[in-house]
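> model this:
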Amino acid sequence: MQKFLFIHQNFPAQFVHVARALAAAGHEVVALAIEGRAIEGVRFLRYAPTALPRGSDIEVARDFETKVARGAACASAMDRLKQQGFSPDVIVAHPGWGEALFCKDVWPLARLVIYAEFFYGAEGADYGFDPEFAVDSVGQRARLRLKNTVHLHAFAAADTIYAPTQWQRGRLPAQYQARTQVMFDGIDTDAAVPDAAAFIQLQRAGVRLVHGDEVITFVNRNLEPYRGFHTFMRALPDILARRPKAHCVIVGRDAVSYGAPPPGGGTWREALLREVGGRLPMDRVHFLGGIPYADYLRVLQVSACHVYLTYPFVLSWSCMEALSAGCTVVASRTGPVEEVVTHDVTGRLVDFFDVQALADEVVDVLRDPQAFSHLGRAGRRAMQQTYDLASYCLPGQLAIVRAS
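Alright, predicted model coming up:
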């Protein structure tokens, strides 16, 4: 049996399945995190970075300074584990917040596996993608470059690097792409499954929606421009005007995961409702906020058309779960999406910014769902074949972290 240490500031996150599987197989598994939760079989330990007395005088260095402080706190927690007699054979770490900086300084002989989620850059990804919110400057570009410092240290120290998609691997510097394997986190295709008997009861609105109704779905962890919320909301008045029986179900909280809050404060939901709410039949627009996973799956199962939009950035699990649930997906023609959605094969693709094209595609799907039903079936097959947790992704992750 081996000893594994997982490091993620919000464990278990992407490591939930592989850490659980290793523990179930009898390995000793420990997790270090600032936040997060314990999972079965894993010894879960928290640590807290020391608050910096003041930020750096060099503005572009402040983010790096914070990450060094996190790395130092994580190193102290690792050293305490070492003093207690724990010595991992393998360390699996997310480097994005600095926690992986000093792993090899505590345990030089441990095998270090780095999860390469996103490498920042001023070209070809999220930065500057959306001209509505783009503010380009040398200072901003310098900040992006320095944000990669912790990644570069981690990659240089790593024995193994893996990324969840080819697009994310392609963001890495060429010398690290050659060393990086690709394995997605995994979708439970036995849970995210089509269900013709599914329904959702919206108590506040007094509405019951069933599979077969004209239901448009839109899901994000938080409703914000990075995930195309502004584009979707601007298309919605036209969609609902042309489809008077359609309902729209929107899942997502009002915080900001990426980017910035709207100018003037408040939430993006409030900002977009100020912009288009006067043209919306609000009795057919349902904001559910954050909901339990089982309820979220039922939302997908009643969907007649699921809309997924994103900047060129990390792909959302919700896109994959919608495909697995057999949804007819209309998505943005952006790099990470094109890796999993092929136009007119597993879904329909539109330009991220083309509000009219998005409205037209959704209306077409709602008008004749049978004409597009083959897309949902093909999307589910693709998820089962390449992204299924049990049969493909989890065995692949285990092979990566166990390899000597």
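> any weak-confidence spans in the chain?
404 (pLDDT under 70).
> what residues sit buried inside stretch 240-249?
Buried positions in stretch 240-249, judged by neighbour count with 16 or more other CB atoms under 10 Å: 240, 243, 246-249. Where C-beta positions appear, they are placed from N, C-alpha and C, glycine not excepted.
> is it true that residue 332 touches residue 347?
No. Under the criterion of CB atoms under 8 Å, residue 332 is not in contact with residue 347, lying 10.5 Å apart.
> distance-wise, check the residue nearest the centre of the chain relative to residue 334.
Nearest to the mean C-alpha position of the chain, by CA atoms, centre = their mean, lies residue 316 at 3.7 Å. The spacing between residue 316 and residue 334, counted by CB to CB, to the nearest Å, is 12 Å.
> what does residue 186 give?
Taken as CB to CB, the span from residue 186 to residue 334 is 22 Å.
> domains in the chain, by residue range?
3-186+390-402, 199-387 (automatic domain parsing).
> what's the span of the first one from first residue to last?
To tie it back to what came earlier, the one meant is domain 3-186+390-402. Using CA to CA, to the nearest Å, the span of domain 3-186+390-402 from its first residue to its last is 10 Å.
> go on, the last one?
Counting by CA to CA, the length from the leading to the trailing residue of domain 199-387 is 26 Å.
> got the CA positions of the biggest helix by length in the chain in CSV?
If you go by DSSP state H, the chain has its longest helix at helix 62-83. Presented in CSV, the C-alpha positions along helix 62-83 are these (Å, rounded to 0.1, in the frame of the first residue of the first chain):
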residue,chain,number,x,y,z
ARG,A,62,1.1,41.4,-4.7
ASP,A,63,-0.7,38.4,-6.1
PHE,A,64,2.5,36.4,-6.1
GLU,A,65,3.3,37.5,-2.6
THR,A,66,0.0,36.2,-1.4
LYS,A,67,0.6,32.9,-3.2
VAL,A,68,4.1,32.6,-1.6
ALA,A,69,2.4,33.1,1.8
ARG,A,70,0.0,30.3,1.0
GLY,A,71,2.8,28.1,-0.2
ALA,A,72,4.8,28.7,3.0
ALA,A,73,1.7,27.9,5.2
CYS,A,74,1.2,24.7,3.3
ALA,A,75,4.9,23.9,3.7
SER,A,76,4.6,24.3,7.4
ALA,A,77,1.6,22.0,7.5
MET,A,78,3.5,19.4,5.4
ASP,A,79,6.5,19.7,7.8
ARG,A,80,4.2,19.0,10.8
LEU,A,81,2.9,15.9,9.0
LYS,A,82,6.6,14.9,8.4
GLN,A,83,7.4,15.4,12.1
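> in that helix, what counts as buried?
Residues of helix 62-83 classed as buried: 62-64, 66-68, 70-78, 81 (neighbour count, 16+ other CB under 10 Å).
> tell me which two of those sit farthest apart.
With CB to CB as the measure, no two of these lie farther apart than 62 and 81, at 29.4 Å.
> narrow the buried residues of stretch 240-249 to those in strands?
247-249 (DSSP state E).
> ok, back up a step: Throw the domains of the chain into a markdown table and include distance to residue 193, thanks.
Output for the domains of the chain, formatted as a markdown table (distance: least, CB to CB, whole Å):
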| stretch | distance to residue 193 |
| --- | --- |
| domain 3-186+390-402 | 13 |
| domain 199-387 | 6 |
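> next one: the residue nearest to the centre of the chain from residue 10, what distance?
16 Å.
> in its sheet, what does the following helix or strand past the longest helix of the chain sit against?
Later in the chain than helix 62-83, the nearest helix or strand by DSSP states H and E is strand 90-93. Strand 90-93 has the following strand partners under DSSP bridges: strand 3-7 (parallel), strand 111-115 (parallel).
> now do the first one against helix 62-83, angle only.
It refers to strand 3-7. Orientation check (axes from the mean of the first three to the mean of the last three CA atoms, to 10 degrees): strand 3-7 against helix 62-83 gives 160 degrees.
> can you name the next helix or strand after strand 3-7?
strand 10-11.
> anything in contact with each of residue 316 and residue 334?
In terms of CB atoms under 8 Å, 6 or more residues apart in numbering, residue 316 and residue 334 are both contacted by the residues residue 310.
> okay if I get the strands paired with strand 90-93 as CSV plus distance to residue 123 and mean neighbour count?
Conversion of the strands paired with strand 90-93 to CSV gives the following (distance: least, CB to CB, whole Å; neighbours: other CB atoms under 10 Å):
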stretch, distance to residue 123, mean neighbour count
strand 3-7, 30, 25
strand 111-115, 23, 24
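> take those strands and write them to JSON lines, including distance to residue 267.
Shown next, in JSON lines, are the strands paired with strand 90-93 (distance: least, CB to CB, whole Å):
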{"stretch": "strand 3-7", "distance to residue 267": "32"}
{"stretch": "strand 111-115", "distance to residue 267": "30"}
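> and these: which comes nearest residue 354?
Using CB to CB, the nearest of the strands paired with strand 90-93 to residue 354 is strand 111-115, at 33.8 Å.
> now do the helix or strand that that closest one is followed by: distance to the chain's middle.
For strand 111-115, the following helix or strand on the C-terminal side (DSSP H and E) is helix 138-147. For helix 138-147, the separation from the chain centroid amounts to 23 Å (computed by CA atoms, centre = their mean, to the nearest Å).
> and stretch 11-19, by the same measure?
That offset, for stretch 11-19, works out to 13 Å (CA atoms, centre = their mean).
> which ones are touching residue 85?
Residue 85 neighbours (CB under 8 Å, 6+ apart): none.
> so residue 307 makes contact with residue 220?
No. Under the criterion of CB under 8 Å, residue 307 makes no contact with residue 220, lying 10.4 Å away.
> more neighbours: which of those two?
Between residue 307 and residue 220, residue 307 has the larger neighbour count (other CB atoms under 10 Å), namely 29 against 22.
> so the more buried one: helix, strand or coil?
strand (DSSP: H, G, I helix; E, B strand; the rest coil).
> show me what it is bridged to.
According to DSSP bridges, beta-bridge pairing links residue 307 with residue 218, residue 330.
> where's it relative to residue 40, distance?
36 Å.
> next: residue 235.
From residue 235 to residue 40 the distance is 43 Å (CB to CB).
> quick one, which of these two is more surrounded?
Neighbours were counted for residue 235 and for residue 40 using other CB under 10 Å; residue 235 has more, 27 against 8.
> which strand or helix spans the more buried one?
Going by DSSP H and E, residue 235 is part of helix 229-242.
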